[in-house]
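>>> build the 3D model from these lines:
(one chain, ligands or ions: 1)
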Amino acid sequence: MEMLQILRADGEYNSKLEPNLRVEDLRRMYRQMLTVRRFNERMLLLQRQGRIGFFIESNGQEACQIGSAMPLTQADWVYGGYRDPGISLMRGVPLKLLVDQLMGNSDDPNKGRQMGVHWGYKDWNIVSLSSPVACRLSQAVGTAYAAKIKKDNMVCLTSFGDGATSQGEFHSAMNFAGVFKVPVIFFCENNQYAISLPMRRQTASENIAVKADAYGFEGVLVDGNDVLAVYMATKAAVDKARSGGGATLIEAVTYRIGGHSSSDDPTKYRNSEELELWKSRDPIKRFRVYLMKKGLLTSQEDRKVQDEVDSELVATIKASEKVPHPTLLSMFTDVYAEMPWHIKEEADELMQEGR
Ligand SMILES: Cc1ncc(C[n+]2csc(CCOP(=O)(O)OP(=O)(O)O)c2C)c(N)n1
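Predicted coordinates:
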């Protein structure tokens, strides 16, 4: 199976395959990729300083997030992962809401009741993340199937890691999607590891994309560090799903540059040569070289964008840190349409304590 690649690691590109994207879209994609990178760096620092409790980085996976979100419309639905803050940003979720989520403050739409990095933004059709690996695949298939029954023109994209493909839920979701020709895009961000388990121990198949064959739909292998290739592959899958052609499995081959989470030490299970090799395939660097080659970005403009992204992050963190924690009583709101008596009793008791 051939891997779709448009931008090579050194920034050379295949002009025959370039997508027809507007200049402002290319610039937006670059800015958002930078934002994700800086967001990762800053949030990990905040976690180390004890200003947030937990974080999961997506350093190195920026092209996957930005390229896969790009072809979606606002009406489409996303069941994304903890490594996908960039999908939220591309859909228009303000950066502050991402920081609010990690702080669990009262501006967070979930009011701090979800685990950190478990993004969910109803206004942008981003469904709150469930922790069990792979369970969102069948949730996404269900949503997409409902849309099909209702003759709603939306598609549903779900992203997940290589580890998710070894769960039973992967089989159930893929099988159902194939049989019922559901408008869903399975977007696998193969970052080579499921915590410490390397890809060679994950599957004996030649790759993950090939698994789609068994379910009767197309599997596509794409360079996950090439934002243009990810965009092209996802756009084709979105167009196909929207026109009744059913599901696609996209395997975006990438690498997790950081640890699994802020609680992990990856030096325990992988070597620095491997890390350096993948760092040389950086998705942002190659997109920057491409934009410069095309005359769409100068070094000065690049500096300016980077400064703007940094300033926005600093200001956002400051603003989020000023927001108070949710009140204790907020744990009783938005949960039940009608509060059961025993919960009401607990809420009343808490209120009497003046909290
Ligand atoms: C059913 C289940 N088993 C184990 C875990 C613990 N766990 C959390 S993330 C993770 C690895 C997931 O790897 P992958 O799907 O490749 O995604 P990645 O973290 O690499 O993005 C595991 C085992 C879990 N959340 N759910």
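
>>> who's in contact with Asp307?
By Cβ atoms under 8 Å, 6 or more residues apart in numbering, the contact set of Asp307 is empty. All C-beta spots, glycine's among them, are computed from the backbone N, C-alpha and C.

>>> where's it, which helix or strand?
Following DSSP states H and E, one finds Asp307 within helix 299-322.

>>> near the ligand, which residues of this structure show up?
81, 83, 131-133, 160-164, 191, 193-195, 256, 260 (Cβ under 6 Å from any ligand atom).

>>> where is pLDDT lowest across those?
The member of the residues of the chain next to the ligand with the lowest pLDDT is Ser131, at 94.

>>> show me what contacts that residue?
With Cβ under 8 Å, 6+ apart, Ser131 has these contacts: 115, 118.

>>> any idea how far Leu137 is from the residue of the stretch 51-200 of the chain found nearest the ligand?
Proximity of the stretch 51-200 of the chain to the ligand (Cβ to the nearest ligand atom) peaks at Gly161, 2.1 Å away. According to Cβ to Cβ, to the nearest Å, Gly161 and Leu137 sit 11 Å apart.

>>> neighbour count: the two, which is higher?
Neighbour tally, Gly161 and Leu137, criterion other Cβ atoms under 10 Å: the higher count belongs to Leu137, 27 against 24.

>>> circling back: buried subset of the residues of the chain next to the ligand as a PyMOL selection?
Here is the PyMOL command that selects the buried residues among these (16 or more other Cβ atoms under 10 Å):
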select buried, resi 81+83+133+160+161+162+163+164+191+193+194+256+260
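
>>> tell me which of the residues of the chain next to the ligand fall in strands.
Among the residues of the chain next to the ligand, the members found in strands (DSSP state E) are 160-161, 193-194.

>>> ok, of those, which one's closest to Ile52?
Taking Cβ to Cβ as the measure, Ile52 sits nearest to Gly161 out of these, at 22.2 Å.

>>> so what's the closest one up against?
Going by Cβ under 8 Å, 6+ apart, the list of residues near Gly161 reads 81, 83, 133, 188-191, 194.

>>> which one of the residues you listed is nearest Ile250?
Using Cβ to Cβ, those come closest to Ile250 at Cys188, 6.7 Å.

>>> which parts of stretch 16-27 are buried?
19, 21, 26-27.

>>> neighbours of Asn14, just the number please.
14.

>>> count the residues that sit near the nearest residue to it once chain neighbours are set aside.
Closest residue in space to Asn14, ignoring its immediate chain neighbours: Ile6 at 5.2 Å, by Cβ to Cβ, 6 or more residues apart in numbering. When neighbours are defined as other Cβ under 10 Å, Ile6 has 23 of them.

>>> so Ile6 makes contact with Asp226?
Yes - here Ile6 reaches Asp226: they are 5.8 Å apart, a contact under Cβ atoms under 8 Å.

>>> ok, now how distant is the spatially most central residue of the chain from Glu62?
Note on the chain: the residue nearest the mean C-alpha position is Asp84, at 1.9 Å, using Cα atoms, centre = their mean. When distance is defined by Cβ to Cβ, Asp84 is 10 Å away from Glu62.

>>> how about the strands in the stretch 151-300 of the chain?
Using DSSP state E, counting those that start in this stretch, the strands found in the stretch 151-300 of the chain span residues 156-161, 184-190, 193-194, 197-198, 218-223, 248-253.

>>> tell me which two of the residues of the chain next to the ligand sit farthest apart.
Pro132 and Arg256 (19.7 Å).

>>> where in the stretch 251-355 of the chain is pLDDT low?
Counting by pLDDT under 70, the low-confidence segments of the stretch 251-355 of the chain come to 355.

>>> so where do the helices sit in it?
272-279, 283-293, 299-322, 341-352 (DSSP state H, counting those that start in this stretch).
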